[in-house]
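Asker: next input, structure requested:
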Amino acid sequence: LLKGAPEDVQNDRKLRLALGDLAVKWTRRQQGAEKVPGLIAAREHFAKAVELQPDDVDSATEALDAALQLVDIQIEAKQPERAKDHADWAVKIGESVLQGGANTTELRLAVAKARDQRAKLSHKIQDFDAIVVDYSRSADLLVSCAEDAKKPAEALGAAARVYLDLALFVAEGRPIEEETRDDEALLNAYEVAKRACEMKDASRDQYTIHL
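Answerer: Numbering: from 1, shown residues only. Now for the predicted structure:
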């Protein structure tokens, strides 16, 4: 009905938000792969709402949440290429909103997760430099959330783990003296983990990362 409707109806932001909310509610009643149609619908409606109002951070966050759920479902179904497509989609819309200057901690955390997922799902040789960028950006976003996240130490701990993943990836992929990004990532992991351990809400996990 919507596809055949006049343009002003298709571009009705309130309608898109209502349909997105409805899709989310429908999805909550489903299990596993049965969620896919609802998640895709929610993702598309919220993305359209963002297109109509670029600073709509809440809709962008909802769109990313749906996309990240799709990533998890496709990974579980052993469909890495489809999972990577969803992660790529999430990165693009998330970064576009962040670049527009409107962002929240929740949005940055979602983009960080999408970047991390895309890095893990990418081709280790063909996408080497792009993977390095994804890991670095993911970790940097997590660090930026430390000041206002509900659990600052947890955000820093997650960042340290991503930096460690980056260091290991570079060290294994390019074990040559000229390549120093693994050294830089390892140092960042150490410093960020140290910061996490100095916070009041630090847990055993953060100390383990630091060690």
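
Asker: next, count neighbours for the nearest residue to Lys194 once chain neighbours are set aside.
Answerer: Excluding its sequence neighbours, the residue lying closest to Lys194 (Cβ to Cβ, 6 or more residues apart in numbering) is His210, at 6.0 Å. All C-beta atoms are positioned from the backbone trio N, CA, C, and that covers glycine. For His210, the neighbour count with other Cβ atoms under 10 Å is 19.

Asker: just to check, His210 is in contact with Val192?
Answerer: No - in this structure His210 lies outside contact range of Val192 using Cβ atoms under 8 Å: 9.2 Å.

Asker: how about stretch 115-132 as PDB, C-alpha atoms only?
Answerer: These are the backbone C-alpha positions of stretch 115-132, laid out as PDB (Å, rounded to 0.1, in the frame of the first residue of the first chain):
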ATOM      1  CA  ARG A 115      32.200  -1.200  12.900                       C
ATOM      2  CA  ASP A 116      33.600  -4.100  15.000                       C
ATOM      3  CA  GLN A 117      31.200  -6.600  13.400                       C
ATOM      4  CA  ARG A 118      32.000  -5.400   9.900                       C
ATOM      5  CA  ALA A 119      35.700  -5.800  10.700                       C
ATOM      6  CA  LYS A 120      35.300  -9.300  11.900                       C
ATOM      7  CA  LEU A 121      33.100 -10.200   8.800                       C
ATOM      8  CA  SER A 122      35.400  -8.600   6.200                       C
ATOM      9  CA  HIS A 123      38.000 -10.400   4.000                       C
ATOM     10  CA  LYS A 124      41.200 -10.400   5.900                       C
ATOM     11  CA  ILE A 125      43.500  -9.900   2.900                       C
ATOM     12  CA  GLN A 126      41.400  -7.900   0.400                       C
ATOM     13  CA  ASP A 127      39.900  -5.600   3.100                       C
ATOM     14  CA  PHE A 128      43.000  -5.300   5.300                       C
ATOM     15  CA  ASP A 129      43.300  -1.500   5.500                       C
ATOM     16  CA  ALA A 130      39.500  -1.100   5.800                       C
ATOM     17  CA  ILE A 131      39.500  -3.600   8.700                       C
ATOM     18  CA  VAL A 132      42.100  -1.500  10.400                       C
END
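
Asker: how near is the residue nearest to Lys194 to Ala196?
Answerer: Look at His210 and Ala196: by Cβ to Cβ, to the nearest Å, they are 7 Å apart.

Asker: need the overlap of contacts for the two.
Answerer: Listed as contacting both His210 and Ala196 by Cβ atoms under 8 Å, 6 or more residues apart in numbering are Ala160.

Asker: tell me the phi and psi of Ala112?
Answerer: Phi and psi for Ala112, reported as degrees, to the nearest 10, are phi -60, psi -40.

Asker: got a list of what Ala49 touches?
Answerer: Contact partners of Ala49, counting by Cβ under 8 Å, 6+ apart, are 13, 16-17, 20, 56, 59.

Asker: all helices of the chain, in order?
Answerer: Along the chain, the segments classed as helices by DSSP state H run 7-10, 13-27, 36-52, 57-76, 80-99, 105-121, 128-144, 152-173, 181-197, 204-210.
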